[in-house]
Structures are given as structure tokens and as C-alpha cells.
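>>> I need the structure of the sequence given here:
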Amino acid sequence: MGKTNETPASLLLHQLLSVLMITIGSFIYGISIALLLDPNNLAPGGITGIAVILSRFFPVSTGTFYLLLNIPVILLGLWKFGLRFLIRTIYGIAATSIFTNLLSTLPILTNDPLIASVSGGILMAGGIGIIFKAGATTGGTDIIVKLLRKNHPHLKTGFLFLCMDFIIVTISGFVFRDFNIAFYALLSVGICGFVLDRFLYGGDEARQIFIISDHPDAIAKRILYDLDVGCTFLSGTGGWTGNPKKVILCVVHKRMSPQVEEIVKEEDPTAFLILGSANEIYGDGYKDIFAEKL
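I've put the predicted structure just below:
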């Protein structure tokens, strides 16, 4: 890690704020599951959806299943990416599991599946968004998609999430013998994705990021290997000093932007960071430059 000017007290405060944000995000996520989606048999895709389905077959709560299902995924992530990448995510998963179990003892907020799917999707997005802004993830399919993209970079992230969520929601229709409920669950997934995008990034398609730092190699290495995102070094010259500088240019999907920002803050909090929207991206992982525009 690059040297920083942060004092031990400021570093501790930063870590405590991150933990607080993850706790708040996990609590909101727990409300969406325990008081809205789960009681109405709505399985909102991902590990959470699988946990909702399995809890109907075994005498184990949804929150506990959420934790148990994430354990092998976490171990796989630790093996592939290391503890540093996952430590906040591990806390987020544990906090979400605990809050989901505790809140499930309270009366549910609504029996209307439409209200539950809409409000549950919005609250889920809010919880996930806060967790993402704290530099963590909700585990589960986030890690699985990252591993799949590492081995099959031609597969797009959004496509992989969509496929997994669609499969889980379809299975829930058979399990609960009610495809109306499955459609409500799919609605919840769509609302969650839409609100999460707006919560984190507004209406931008992707993020174009320029990073000017005294530690460009350390930052670029983590972007390449922690996030599996390509980046390019541009040649620059300091206006005041006249010294040559490496400028990092990268373009990332919207949901990965907070992770890039977190890496820059950890490696060089004095870095100059420029983020802009990028709505027309062509190349690997984005649009085909030869495809006809819709």
C-alpha cells in the first residue's frame, strides 16, 4: 500500500464509519427480507432468494440459510482474492444474517404481494447501496459473478446476474406453486436493480475514471487484480513541477465505481480523482462496435 498522510486516529475513524454504514445497510436489507419479501414468499434472486426457498423445506431460518450459503462462496473468494478484498463483505453478510433473523420475530409490514415487492425492492436497493458505498458487497452472487468473469471475460456482468436471478425466481414459482408470486419476485429484482443504479450513480451507463497519483503502479495493480478491470497508463507532465507522471485511465460498470474509489483512497488519499459518465462504451465487456445501434 502506498504511504499516506492519515493519522492512526483518522484511519480508525474511517474504519468505524465504514462499519457503521455496513451495519445500517445490513439493517435496511434485513427489513426488506424479514418484513416484506420472505413472509410473502418472494424470492428476490441471488443467495437471498435461495435462502428463502430452502427455508420452506428445512427448519432453518432465512437469515441463517443466508449465512450458511455464503460460507462456501466466501471461502472460494478468500482463496481467489485474499482476505483484504472480503473482510468488510464478511462482516456485512454476518450483520445481514443477524438482522434478518431478529426482525423476522416482528409482525410483517404488509400481506399485499405487490406492495411487498415494490417496497421490498426499494429497501433492498437502499441497503445494498449503503453497503457498496462502505466498500463492501452483499457476498453471494457478487463473488460468483466476479469469478465467472475472471474465467470467462466475454460474458457480461449484467447478463450473468440476470441469468442467475431469473433461474432462482423461476424455481420459486415451482416451489410455491404460484407463478404470480414469481412475477412479483421478478418485479422486486427489477426495481432493486433500477433503484440501486440511481442510488449509486444517477442515470450514467458507466464511469470513466482518471487517476493522478504518486503511487500509480500500486493502484493499477489492485484495479487489475482485485476488480479484474483493465486500465491504461497515459503519459502526463506536472504543470507546476514539470515532472513526468503516469495517469491511470479506466472505464468501469456503474456498480464497481465505489470499489475503485475505495482502492484509490486506501493506496493514496492525496490522489487526484476524476469521475465522469460514459454512456457509449465499445469494446470487451461493453457494446460491440460492429453491432447495429438500437
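
>>> Going by C-alpha atoms from here, please, whenever you check contacts or count neighbours.
OK.

>>> Tell me where the stretch 101-250 of the chain has strands.
Using DSSP state E, counting those that start in this stretch, the strands of the stretch 101-250 of the chain run over residues 206-212, 232-237, 244-253.

>>> Go through the helices and strands of this structure and name the one with the lowest mean pLDDT.
Ranked by mean pLDDT, DSSP states H and E, the weakest helix or strand in the chain is helix 141-151, scoring a mean of 72.

>>> Residues in contact with the helix ranked longest in the chain: which ones?
Across the chain, the helix with the greatest residue count (assigned by DSSP state H) is helix 8-32. Under the contact criterion Cα atoms under 8 Å, 6 or more residues apart in numbering, helix 8-32 has outside partners 88, 91-93, 95-97, 99-100, 103, 119-121, 123-131, 134-136.

>>> Mind giving me the packing neighbours of the least confident helix or strand of the chain?
On a contact count with 3 or more Cα pairs under 8 Å, 6 or more residues apart in numbering; DSSP states H and E, helix 141-151 meets helix 62-81, helix 157-175.

>>> at 6 Å what do you get?
With contacts defined as 3 or more Cα pairs under 6 Å, 6 or more residues apart in numbering; DSSP states H and E, there are no secondary structure elements packing on helix 141-151.

>>> can you state the direction angle for it and helix 157-175?
Angle of helix 141-151 versus helix 157-175, following axes from the mean of the first three to the mean of the last three Cα atoms, to 10 degrees, is 130 degrees.

>>> Now do helix 141-151: everything it contacts.
Here helix 141-151 makes contact (Cα atoms under 6 Å, 6 or more residues apart in numbering) with residue 46.

>>> Residue 71: which of the strands of the stretch 101-250 of the chain is closest?
Across the strands of the stretch 101-250 of the chain, residue 71 has its closest neighbour in strand 244-253 (26.5 Å, Cα to Cα).

>>> Give me the next element, helix or strand, following the closest one.
The helix or strand immediately downstream of strand 244-253 is helix 257-267, counting by DSSP states H and E.

>>> Which helix or strand lies directly C-terminal to that following helix?
Downstream of helix 257-267, the next assigned helix or strand under DSSP H and E is strand 272-277.

>>> in its sheet, what does that next one sit against?
strand 206-212 (antiparallel) (DSSP bridges).

>>> any idea how far the strand it pairs with is from the chain center?
On the basis of Cα atoms, centre = their mean, to the nearest Å, strand 206-212 sits 19 Å off its chain's mean C-alpha point.

>>> And stretch 50-70, by the same measure?
21 Å.

>>> Not counting its own residues, what contacts it?
With Cα under 6 Å, 6+ apart, stretch 50-70 has contacts from 43, 48, 97, 100, 101, 140.

>>> Number of residues surrounding residue 181?
By the criterion of other Cα atoms under 10 Å, residue 181 has 22 neighbours.
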